[in-house]
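>>> show me the folded form of this:
(chains A and B)
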Protein chains: 2
Amino acid sequence: MNKFIKLNEWSIIEEGFHPENNKVSESIFSIGNGYMGQRANFEERYSGNSLQGSYIGGVYYPDKTRVGWWKNGYPEYFAKIINSTNWIGIDIKIEGETFDLNNCTIHEFRRELNMQDGALLRSATASLSNGKKIKIESKRFVSLVEKDLGSIEYAVTPLNFNGIIEFEPYLDGGIINSDSNYDETFWIEIDKKATTKISYLQTQTRKTKFDVCVAMKCTLTEDGNLLNPETSIIENLNYVAYNIKAQAAQGKKLVLHKYVAVESSMHHKSNDLVSIAEKRVSGFFNKGFSTLFKAHSNAWHNKWQESDIKIGADLEAQQAIRYNIFQLYQTYTGDNETLNIGPKGFTGEKYGGVTYWDTEAYCLPFYMRTAKPNVARNLLKYRYNHLQKAQDNAQKLGFNHGAALFPMVTINGEECHNEWEITFEEIHRNGAIAYAIHNYIRYTGDTDYMIEYGLEVLIAISRFWEQRVNWSQSKQKYVLLGVTGPNEYENNVNNNWYTLKLIEWTLRYTIKQIESASTLKDFESIVSKTEFDYKEIDKWEDIISNIYFPTDENLQIFLQQDGFLDKELIPVSKLDTIERPIHEKWSWDRILRSCYIKQADVLQGIYMFEEEFDHNTIKRNFEFYEPLTVHESSLSPCIHSILASKIGMKEKAYEMYLRTARLDLDNINNDTDDGLHITSMGGTWMSIVEGFAGLRIEDDQLSFYPTIPDKWTYFEFIILFRGAKLEIRIEPKIIQIQNHSNVPINLLINNNINLLSPKSETIISLIENETVS
Amino acid sequence: MNKFIKLNEWSIIEEGFHPENNKVSESIFSIGNGYMGQRANFEERYSGNSLQGSYIGGVYYPDKTRVGWWKNGYPEYFAKIINSTNWIGIDIKIEGETFDLNNCTIHEFRRELNMQDGALLRSATASLSNGKKIKIESKRFVSLVEKDLGSIEYAVTPLNFNGIIEFEPYLDGGIINSDSNYDETFWIEIDKKATTKISYLQTQTRKTKFDVCVAMKCTLTEDGNLLNPETSIIENLNYVAYNIKAQAAQGKKLVLHKYVAVESSMHHKSNDLVSIAEKRVSGFFNKGFSTLFKAHSNAWHNKWQESDIKIGADLEAQQAIRYNIFQLYQTYTGDNETLNIGPKGFTGEKYGGVTYWDTEAYCLPFYMRTAKPNVARNLLKYRYNHLQKAQDNAQKLGFNHGAALFPMVTINGEECHNEWEITFEEIHRNGAIAYAIHNYIRYTGDTDYMIEYGLEVLIAISRFWEQRVNWSQSKQKYVLLGVTGPNEYENNVNNNWYTLKLIEWTLRYTIKQIESASTLKDFESIVSKTEFDYKEIDKWEDIISNIYFPTDENLQIFLQQDGFLDKELIPVSKLDTIERPIHEKWSWDRILRSCYIKQADVLQGIYMFEEEFDHNTIKRNFEFYEPLTVHESSLSPCIHSILASKIGMKEKAYEMYLRTARLDLDNINNDTDDGLHITSMGGTWMSIVEGFAGLRIEDDQLSFYPTIPDKWTYFEFIILFRGAKLEIRIEPKIIQIQNHSNVPINLLINNNINLLSPKSETIISLIENETVS
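Okay, here's the model as predicted:
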């Protein structure tokens, strides 16, 4: 944990340079537009600690699997979204000396991520070792309007001299892929041209043969007047640049504008990329920086109109929720159904892949309530499109009859993970995928999705569960051996309660869906396609009736797994802080043997199926497990915040909210340098909307159980619900709801029904026996 | 499984060329002398399937660890005994065409490993694509007398032509290390010289900086007459050779003798290696091939005098036991206390390291009964010498107060293994190391070892156990969480019975040893060195009294671990053969969830502590576990054979004997291509001596419970026991014992005591109420 970010309502601000935190800042100040993304690397050379990253959605490399000891069933490769051509680079020379903040005396430094406008701003005043003092100012964005556009305004002002300043804007394809398993390079050069007008560089990934062409065009101005300085071109392997030598006058600002068009074979034919990139960059250039930026910032303003959450009297909480929403929309906009949400978005290479169960469990709830209906549907269809590969994967592991095991990590539907205890055992992911179908249809009412796509997935997952449990002669129950739950600080356990709960639920839900669907005419084609036999239902019902759930009668709690109570149960609060985080301080075996929980496990199940448990059951389990939880997964605090809100533990809910919301801003888990925790940001949003506001769907109706942290005077958010757009404001004593749509909505507030007419507003008291109208 | 080796009493013979089995044959026909070893690669070029291997004891390379996901506590590197300079190479050209069996028509091919003489022989008749037909004959050995000597007699006879035959003997340091984690080369060239007299090549390992210098000298003769043919020298990077062009006459045999001296910085200063190698090879050359070979084969004849086991009327069993003994003595002679016994000896690079718990559990029993007393003592001291590193290792994992966790795999005492479920969890190895001290002292009577070295090791291991168990509030017992037993087809289990048994036993034994030692004057220095406190004994006694052992009351068996009976118990005999071996055919998760056992686990404990269990208990456990055991570890069949002998299951004992004895000869586990299973060869010897002959130590006396497989007319072996050399012959009805020493020995035969006078022989009937005198 390291708090160096200034509090501000709309901006993330770093004042003073913190080289020791530079990689953290590079992550935090990342920009993106769902199509591509860019870490906050400096434009000019920087010889200090840095992780370069320019990413393009969907452009991946299947890196050869690296393991110590091969196990049958491991995938051959790990697909990674990879660092590609560096398009931000602008080398600066001052009277012949390369400007590098690592070798300067820095007088002033400021970085700002303006979330309202979607802009990354930076300024610095520094003296070089040749004594020259300069001020630089840069402004950078990747456009929300023109997705292939990245642009930079880079200004240099000589403060104590007149002399030669050289600008060398470049495109560099000879970049490092820091997450390469065997230190291989992933890219080869295909084509390039450097000219003083438009330059371009086309590179291609090995194996996957994705082509990326970046074209650039630049201008240099002084006081808004175009200069025509001495210019030379540079071409090296994987590199195009040109050098602009300008005569600078003390106190006069020289401004370079760099426009780039980033095109890839994800969207165009490889052969057309050069001409498209050249044409696009010309167009950008003709519009000019101000016009392009204006359109982009307008788009962000519109986005905020739809997605903002306002919090009264708590700047720390306010800044953080906006940051989470901002990064979510920088990562995934839902425009392209082949894309998904990587755990690090476009802010780092770590963890590769793009799709974990995070998408279903933490991101879907956000997008289905804030974005156009097709966005959430696309997220579900992404899995449907991968069903065959999930079946192939299960078959490879010894399952049959169309059983599906969806991958732990994937880009194209194939499993990429290669740790047996995760890859083969963390099978609860299958349950999250089944549950997401339910969650989506329950919220959106899009029942067509079930017969079109959902049911096939449910049948395949149910078949997997059927084969994955086995009958224990000893227990006279169906048991589940050798699994890893969401708490990855336990591996290869028997009878993980959460996974068993998912199994029981999936089978029940699937049977119910089959029964409902069986009267529909499209059902026959599903039966024939899946070779479904009604006898399968008998077996599933037998499993439902005889499934084993580990519990402790004494404590009256569900047991995370068999044998959990053999551990020494010492609450986290008694751990010395020097032992934390345990994943850095302890050996792996010590972690495994300990009682410490990385993220919600039993509580994840209670969160998902809360309607099955009474208040006291939830409270007992929460009070047993939360004190043992170290929250060292980014996905942990949000679920705990929601449950704490539910059971009235307001302080714990607020503590957990701040932890999820400020995870990256305050580098709480000490790993933000690798990139941001994008998927958990959906969880942050859930902590407010499901947690504090208590949003649920009950009897097909929207309901709220509002609470509010003591510190807050109010909070406001917008949700989309079945054609309606609702603006909700919660204050300590009232909830105010505006229906901006033409759709009437039935609302339950603390179990009382309210009809919200079209284009109307209602205010309801949250204090018993008090009425507001 | 692939039986292509001919049965023969003293030789291993392959007739006809089996290119598909070439790597298997290269392993099987390996030669070595404890100092170095050599796979049976061809001298001439071979472009077919081959794994090159020339190994030197103790010369290792710390290869950078390769894992998919780093876990805290992993070692930085994996130390490997590595392929070094190829000294056997002799390229042959026939009228300009390179002779390569992969490109010839082969008319006749024969390989023989003569175990009596310690010689590898090969002959082949082949036609090259230029139509020339030749016969080659080679004889190779590495000397048991001059440990640094390797020599080859290589003959070529032109069968259908007169013409030019070129011989190009070489030394090649540019070899491949097939087990390199990152495809790095481990060696660099230091020095070389090629001359027509002596040539040499000195190479050095990166990082560890071991120097190896090999010098060679060759002669060419026809009918015993030295030729003086046209000769040229060749020097390339990492390569010295010379080319000898000889005019060959049809039917006349040309014979090249190649002598090499292999010197390393294990034994000499690096700067002296060249001169030593040159001097040594001159000496070898002066003695000549026949003289050198004679001395070597005499040494083997002497070895056999001491170590042979003879079996009547079962050639398959006879050949196999000799093969096992031969390979054990080729790998380790006990001369050097820094060396140990690698699982693949000098026959392959796989598994790296050299010391596993195999040494204590499977090799020590062989060496302590057949070799000079210091050999077994050296094996134990090897661990004593690594005690500090074992303590460092435990500390790294979070243990303290001098607790020791010996490594799973090591060369220099540091852990090399890097799979968490093995490295951190397969801790029963500590128990095998403690038990070996007991086993050694019990057999040899060398009680001095305890106070000199043993006790410190026992205290350190006991401290590890003390900290590794924890009190279960739920069970009101000490439990053992997160371990892997010898059955590596289960990982991260709770309460592995075998490991718990070792813990209880170690603590008991250590307390007893401390009590015995406490009167000795050297004990005080141990107390002070280890900071031992008598209060530790209280804690250990508490653990002994309250340790948990998983058992099943119904079946009356010990449970391999908690939850074992939740599995589906289907005996191996019901598995389709196409599913076997499961480690090749099944995914890892399927193996883990299955009931199948890789090697003795509960039964390993019953084997070690059999005096604690009655006949029926042993039988019940054997009959429960053996049918679930797939014996896919080389270490499995021997223990089962011994136990089967003990409980009178003669057929099972014989089946298991053949399986352990012929494991490599018949490539039973389908992995002999990587190298031989050297350590399990000690187990083969144990199957006969502890199994069929039933050797035990009871009340400090040697005892036998003889049985004999139905097929055998007799078997004979020699053991050393406390200064006595005993020759034992067992026939179906009698046991005959010759005492070749001047020491009188008390012997128990089936519980009846017999005094065996010095230099005497006794014959005892094995049939009740029959007497032989």
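>>> could you pull out the buried residues of the helix or strand containing A:Thr510?
In this structure, A:Thr510 sits in helix A:497-517 according to DSSP states H and E. By neighbour count on 16 or more other Cβ atoms under 10 Å in any protein chain shown, the buried set for helix A:497-517 is A:497-507, A:509-511, A:513-514, A:517. Where you see a C-beta, it was placed from the backbone N, CA and C, and this is true even at glycine.
>>> how distant is that helix from the center of its chain?
Remark: helix A:497-517 is offset 28 Å from the chain centroid, using Cα atoms, centre = their mean, to the nearest Å.
>>> what comes up buried for the next helix or strand after that helix?
Beyond helix A:497-517 in the direction of the C-terminus, DSSP H and E gives the next helix or strand as helix A:523-530. For helix A:523-530, the neighbour count (16+ other Cβ under 10 Å) marks A:523, A:526-527, A:530 as buried.
>>> can I get helix A:523-530 in CSV, CA atoms only?
Extracted C-alpha coordinates of helix A:523-530, given in CSV (Å, rounded to 0.1, in the frame of the first residue of the first chain):
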residue,chain,number,x,y,z
PHE,A,523,-36.5,-27.4,-28.2
GLU,A,524,-36.5,-30.4,-30.6
SER,A,525,-33.5,-29.1,-32.4
ILE,A,526,-31.6,-28.7,-29.1
VAL,A,527,-32.5,-32.3,-28.2
SER,A,528,-31.2,-33.5,-31.5
LYS,A,529,-28.1,-31.4,-31.5
THR,A,530,-27.2,-32.3,-27.9
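>>> any idea of the angle that helix forms with helix A:497-517?
Counting by axes from the mean of the first three to the mean of the last three Cα atoms, to 10 degrees, helix A:523-530 lies at 130 degrees to helix A:497-517.
>>> in the stretch 601-750 of chain A, which spans are strands?
A:696-698, A:701-704, A:715-721, A:724-730, A:734-739, A:745-749 (DSSP state E, counting those that start in this stretch).
>>> what's the local residue count around the closest residue in space to A:Pro571 that isn't next to it in sequence?
The shortest distance from A:Pro571 to any non-neighbouring residue, by Cβ to Cβ, 6 or more residues apart in numbering or on different chains, is to A:Pro627 (4.2 Å). By other Cβ atoms under 10 Å in any protein chain shown, the residues close to A:Pro627 number 15.
>>> about what we covered before: is there proximity between the helix holding A:Thr510 and chain B?
No. Using Cβ under 8 Å from any Cβ of the partner chain, we find that helix A:497-517 stays clear of chain B, coming within 12.8 Å at best.
>>> rounded mean pLDDT for that helix, please.
Average pLDDT, helix A:497-517: 98.
>>> just the CA coordinates of it, formatted as PDB?
Provided in PDB are the C-alpha atoms of helix A:497-517 (Å, rounded to 0.1, in the frame of the first residue of the first chain):
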ATOM      1  CA  TRP A 497     -18.900 -26.400  -0.500                       C
ATOM      2  CA  TYR A 498     -19.100 -23.600  -3.000                       C
ATOM      3  CA  THR A 499     -18.500 -25.900  -6.000                       C
ATOM      4  CA  LEU A 500     -21.000 -28.500  -4.700                       C
ATOM      5  CA  LYS A 501     -23.600 -25.700  -4.300                       C
ATOM      6  CA  LEU A 502     -23.000 -24.700  -7.900                       C
ATOM      7  CA  ILE A 503     -23.400 -28.300  -9.000                       C
ATOM      8  CA  GLU A 504     -26.700 -28.700  -7.200                       C
ATOM      9  CA  TRP A 505     -28.000 -25.400  -8.400                       C
ATOM     10  CA  THR A 506     -26.900 -25.900 -12.100                       C
ATOM     11  CA  LEU A 507     -28.600 -29.300 -12.200                       C
ATOM     12  CA  ARG A 508     -31.800 -28.000 -10.700                       C
ATOM     13  CA  TYR A 509     -31.800 -24.900 -12.900                       C
ATOM     14  CA  THR A 510     -31.100 -26.900 -16.100                       C
ATOM     15  CA  ILE A 511     -33.900 -29.400 -15.300                       C
ATOM     16  CA  LYS A 512     -36.300 -26.500 -14.800                       C
ATOM     17  CA  GLN A 513     -35.200 -24.800 -18.000                       C
ATOM     18  CA  ILE A 514     -35.600 -28.000 -20.000                       C
ATOM     19  CA  GLU A 515     -39.100 -28.500 -18.500                       C
ATOM     20  CA  SER A 516     -40.000 -24.900 -19.500                       C
ATOM     21  CA  ALA A 517     -38.500 -25.200 -22.900                       C
END
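>>> so which elements touch it?
helix A:428-444, helix A:455-468, helix A:535-545, helix A:602-608 (3 or more Cβ pairs under 8 Å, 6 or more residues apart in numbering or on different chains; DSSP states H and E).
>>> that older thread, tabulate the strands of the stretch 601-750 of chain A in CSV, adding columns for mean pLDDT.
Shown next, in CSV, are these (pLDDT from 0 to 100):
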stretch, mean pLDDT
strand A:696-698, 97
strand A:701-704, 97
strand A:715-721, 97
strand A:724-730, 97
strand A:734-739, 97
strand A:745-749, 95
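>>> please identify the deepest-packed of the ones you listed.
strand A:715-721 (a mean of 21; mean count of other Cβ atoms under 10 Å in any protein chain shown).
>>> so which elements touch that one?
Against strand A:715-721 (3+ Cβ pairs under 8 Å, 6+ apart) you get strand A:310-311, helix A:364-370, strand A:724-730.
>>> go with 10 Å
The contact analysis (3 or more Cβ pairs under 10 Å, 6 or more residues apart in numbering or on different chains; DSSP states H and E) places strand A:715-721 against helix A:289-307, strand A:310-311, helix A:315-331, helix A:364-370, helix A:428-444, strand A:701-704, strand A:724-730, strand A:734-739.
>>> and the helix or strand hosting A:Thr157, C-alpha only, in CSV?
Applying DSSP H and E as the criterion places A:Thr157 in strand A:149-158. Only the C-alpha atoms of strand A:149-158 are listed here, as CSV (Å, rounded to 0.1, in the frame of the first residue of the first chain):
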residue,chain,number,x,y,z
LEU,A,149,-6.8,7.1,-33.4
GLY,A,150,-4.1,7.9,-30.8
SER,A,151,-2.8,11.4,-30.6
ILE,A,152,-0.3,13.4,-28.5
GLU,A,153,0.4,17.0,-28.0
TYR,A,154,4.0,17.4,-26.8
ALA,A,155,5.4,20.8,-25.9
VAL,A,156,8.9,21.8,-25.0
THR,A,157,9.8,25.2,-23.6
PRO,A,158,13.5,26.1,-23.2
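>>> which positions in the stretch 351-500 of chain A make contact with chain B?
A:394, A:396-399, A:405, A:417-425, A:427, A:468, A:470-475, A:477, A:479-484, A:490-495 (Cβ under 10 Å from any Cβ of the partner chain).
>>> got the contact list for the residue sitting furthest away from the middle of chain A?
For chain A, the residue at maximal distance from the C-alpha centroid (Cα atoms, centre = their mean) is A:Asn162, at 47.2 Å. If you count contacts by Cβ atoms under 10 Å, 6 or more residues apart in numbering or on different chains, A:Asn162 has them with A:95, A:247-252.
>>> nearest to chain B among the residues you listed?
A:Glu95 (44.3 Å; Cβ to the nearest Cβ).
>>> hmm, that closest one is touching A:Asn130, no?
Yes. A:Glu95 lies in contact with A:Asn130 (Cβ atoms under 10 Å); the separation is 5.9 Å.
>>> which residues do the two both contact?
With Cβ under 10 Å, 6+ apart, A:Glu95 and A:Asn130 have common neighbours A:161, A:163.
>>> of these two, which one has the most company?
Neighbours per residue, other Cβ under 10 Å: of A:Glu95 and A:Asn130, the larger number sits with A:Glu95, 16 against 11.
>>> distance of the more buried one from B:Asp533?
Using Cβ to Cβ, to the nearest Å, A:Glu95 is found at 72 Å from B:Asp533.
>>> fine, thanks again, bye for now.
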